[in-house]
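In: Build me a model:
(one chain, ligands or ions: 1)
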Amino acid sequence: YQALDDEARKILRDNDRGSYTVPTDGLYPYQWNWDSAFAAMGFAGSDPDRAWTELETLFSGQWQNGMVPHILFHKPDPGYFPGPDVWGCSGPIPSSGISQPPIAATMARKVWEQDKGAGHPRMSALVPKIAAWHRWFMQWRTDRGAVCITHPWEAGRDNACDWDGAMAAIDPQGVGEYTRRDTGHVDPAMRPTKQDYDRYIWLVQRGRRLEWDEEQMARDTPFRVADPGMTFMLLRATRDLRAMAEATGFDTDEIDAWITRLRAGVETLWNAELGSYDSRDVVNGGFAQCVSNASFLNWYAGIENADMLAQLDRVMDAVPHGVPSYDPEGPKFDAKRYWRGPTWGIVNTLIAWGLEDCGHAAQAERVRRTTRDLIAEHGFAEYFDPIDGSPAGGGRFTWTAAIWLAWAT
Ligand code: DGY
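Out: The predicted model follows:
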């Protein structure tokens, strides 16, 4: 795989803007939160110093209330919409007003494990910042212990079927005219629809009107969904934070309480009728009825579940190139459209780590092999069609290069 290893390193270098990495040139020209955490993992093997810098730059955008934004707009770029002027935020760096999947603690721990000596002070300096971020999630983004999103972009799974019900409840009145940029970079059939975008922008305008005040935003919101992906990722990340806290003498009592609450929250996401972890609409109480790739992150969070193992075998057997982001046997499956079917190498990585940790070596290896073959055959795409394996979305993608270097081979 020498040529592919070289290509992956070159992608990281080309997307490196000095102290942060863009997800891909053109489509995503700023620093994105969870993309950056994956980038740090990608740098860790060859350049731990650069890996720490990636995370430090991310946390330099942290708000006073602990929130770490999903986008940091370090430099203006007209190729992206909605930019800093639309968000109207006033953090230390121009940013969006929402967060993104909290995997930074998990990736920081991975970097630290490869760089225990020189990396120790840098890890120690990050621990209180990560703790403040997790505290913000626990305060503003939980419902019965499950982690909620206030915007589909917060989950990272922008147009997942999980949010269809909650999105339908939004009447995007007065959203006005705007020009999308994403569809100028990528085939519109692979992107969210106009109906989705009107609601994405409506939610941004609402947050801005309320000056991103969490208390006000939580009042009478039409969109608040408890997400298995966010819940499993925060639970796992909080365990990783605990390990780092312990190594630096940072108090672990509060962290333990978060773990207990999140663990209880996971139970509220079990949809017995579906036989799967599922998203729960906090506004109307209903489940989304979606088996997604995020449903399979239970092992990543350290949670065993035999029904999920059977579900995983079923969806992996249903398509040649899983893990599909939505059930291929479900009514809404769309092999090309972003989070409504396509396979995402980054989620596969997290699923496989979890499977391995829980002793499911054969399933973990199946997910890894599938991911490795997809990348080897079709390149470092943002995501892939689970039926024919074809590359989709943006090309030369940082996180796909990162998982190639750190995990897939
Ligand atoms: C986008 O613009 O599509 C991003 O996913 C938002 O985070």
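In: Only alpha carbons, please: show stretch 169-188 as PDB.
Out: These are the backbone C-alpha positions of stretch 169-188, laid out as PDB (Å, rounded to 0.1, in the frame of the first residue of the first chain):
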ATOM      1  CA  ALA A 169     -42.300  20.100  12.200                       C
ATOM      2  CA  ILE A 170     -40.300  23.300  11.100                       C
ATOM      3  CA  ASP A 171     -42.100  25.800   9.000                       C
ATOM      4  CA  PRO A 172     -39.200  27.700   7.400                       C
ATOM      5  CA  GLN A 173     -41.200  30.900   7.000                       C
ATOM      6  CA  GLY A 174     -39.300  34.000   6.200                       C
ATOM      7  CA  VAL A 175     -36.000  32.200   5.500                       C
ATOM      8  CA  GLY A 176     -35.500  34.400   2.400                       C
ATOM      9  CA  GLU A 177     -33.300  33.900  -0.600                       C
ATOM     10  CA  TYR A 178     -29.900  32.500  -0.300                       C
ATOM     11  CA  THR A 179     -27.300  30.800  -2.600                       C
ATOM     12  CA  ARG A 180     -26.000  27.400  -1.700                       C
ATOM     13  CA  ARG A 181     -22.300  26.800  -2.500                       C
ATOM     14  CA  ASP A 182     -22.100  23.100  -1.800                       C
ATOM     15  CA  THR A 183     -24.000  22.200  -4.900                       C
ATOM     16  CA  GLY A 184     -21.400  24.100  -6.900                       C
ATOM     17  CA  HIS A 185     -18.700  21.700  -5.700                       C
ATOM     18  CA  VAL A 186     -20.600  18.400  -5.600                       C
ATOM     19  CA  ASP A 187     -23.400  16.700  -7.600                       C
ATOM     20  CA  PRO A 188     -26.700  17.900  -6.000                       C
END
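In: Which single residue of the stretch 101-250 of the chain ends up nearest the ligand?
Out: Scanning the stretch 101-250 of the chain for the residue nearest the ligand gives Trp153, at 4.2 Å (criterion: Cβ to the nearest ligand atom). (Each C-beta comes from the backbone N, C-alpha and C, glycine too.)
In: Name the SS class of that residue, please.
Out: helix (DSSP: H, G, I helix; E, B strand; the rest coil).
In: switch to numbering from 47
Out: Got it, the first residue is 47 from now on, which makes the last one we talked about Trp199.
In: check contacts around it.
Out: With Cβ atoms under 8 Å, 6 or more residues apart in numbering as the criterion, the residues that contact Trp199 are 116, 142, 144, 146, 246.
In: farthest-separated two in the residues you listed?
Out: Spanning the widest gap among those are Gln146 and Tyr246, at 14.1 Å by Cβ to Cβ.
In: which helix is the longest one in this structure?
Out: Of all the elements of type helix in the chain, the one with the most residues (DSSP state H) is helix 162-186.
In: Who are the packing partners of it?
Out: The elements that helix 162-186 packs onto, with contact taken as 3 or more Cβ pairs under 8 Å, 6 or more residues apart in numbering; DSSP states H and E, are helix 94-105, helix 150-160, helix 260-264, helix 274-294, helix 299-313.
In: Look up which helix or strand Cys194 falls in, please.
Out: Counting by DSSP states H and E, the element that carries Cys194 is strand 192-195.
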